[in-house]
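A.B. asks: Structure for this input, please:
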Amino acid sequence: QVQLVESGGGLVQAGGSLRLSCAASGRANSRYAMAWFRQAPGKEREFVGTISWSGGITSYADSVKGRFTISRDNAKNTLYLQMNSLKPEDTAVYYCAAARDRIPTMISAEYAYWGQGTQVTVSS
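C.D. replies: Numbers count the residues shown, from 1 in each chain. Coordinates of the predicted model:
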């Protein structure tokens, strides 16, 4: 089992920045890819970005590429999402997820563990 707890969400004006964190616990000594997804009101959950266990491989949705950066600190068991140049359309609940293995993927079904989510609201 892996427990995930997100933090860092909030209200920010368009053009601003936020950094989300996701603290992981459990499943010691296991190596797994992680990702961020988001879900806006009335919309399906969508992929934001993913990162391999080592951090050497990252991938992003086109909508956030160049603005968002995913990173991880395995010593601290923490995943991050740095969000810059935020837009109102980035408003959503953001979820971190841990995969069953170390291969990063944008497919939500490949992620076995999910956090409770943190709200990000971008005002225009």
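
A.B. asks: dump the residue contacts of the spatially most central residue of the chain.
C.D. replies: Using C-alpha atoms, centre = their mean, the residue of the chain that lies closest to the mean C-alpha position is Trp36, 2.2 Å off. Contacts here follow C-beta atoms under 8 Å, 6 or more residues apart in numbering; on that basis Trp36 touches 20, 22, 48-50, 70, 79, 81, 94-97. Where you see a C-beta, it was placed from the backbone N, CA and C, and this is true even at glycine.

A.B. asks: For Arg102, give me its contacts.
C.D. replies: By C-beta under 8 Å, 6+ apart, the contact set of Arg102 is 31-33, 52-53.

A.B. asks: switch the cut-off to 10 Å
C.D. replies: For Arg102, the contact set (C-beta atoms under 10 Å, 6 or more residues apart in numbering) comprises 30-34, 52-54, 57.

A.B. asks: Just the buried ones among these, please.
C.D. replies: 32-34, 52-53 (16 or more other C-beta atoms under 10 Å).

A.B. asks: burial count for Leu18?
C.D. replies: 20 (other C-beta atoms under 10 Å).

A.B. asks: For the closest residue to it other than its chain neighbours, list each beta-bridge partner.
C.D. replies: The shortest distance from Leu18 to any non-neighbouring residue, by C-beta to C-beta, 6 or more residues apart in numbering, is to Met83 (5.0 Å). Beta-bridge pairing for Met83 (DSSP bridges): Leu18, Phe68.

A.B. asks: which residues touch Met83?
C.D. replies: Counting by C-beta under 10 Å, 6+ apart, Met83 touches 8-9, 12, 16-20, 36, 48, 64, 67-70, 90, 94, 120, 122.

A.B. asks: what's the distance between stretch 96-104 and the middle of its chain?
C.D. replies: Taking C-alpha atoms, centre = their mean, to the nearest Å, one finds stretch 96-104 lying 11 Å from the centre of the chain it belongs to.
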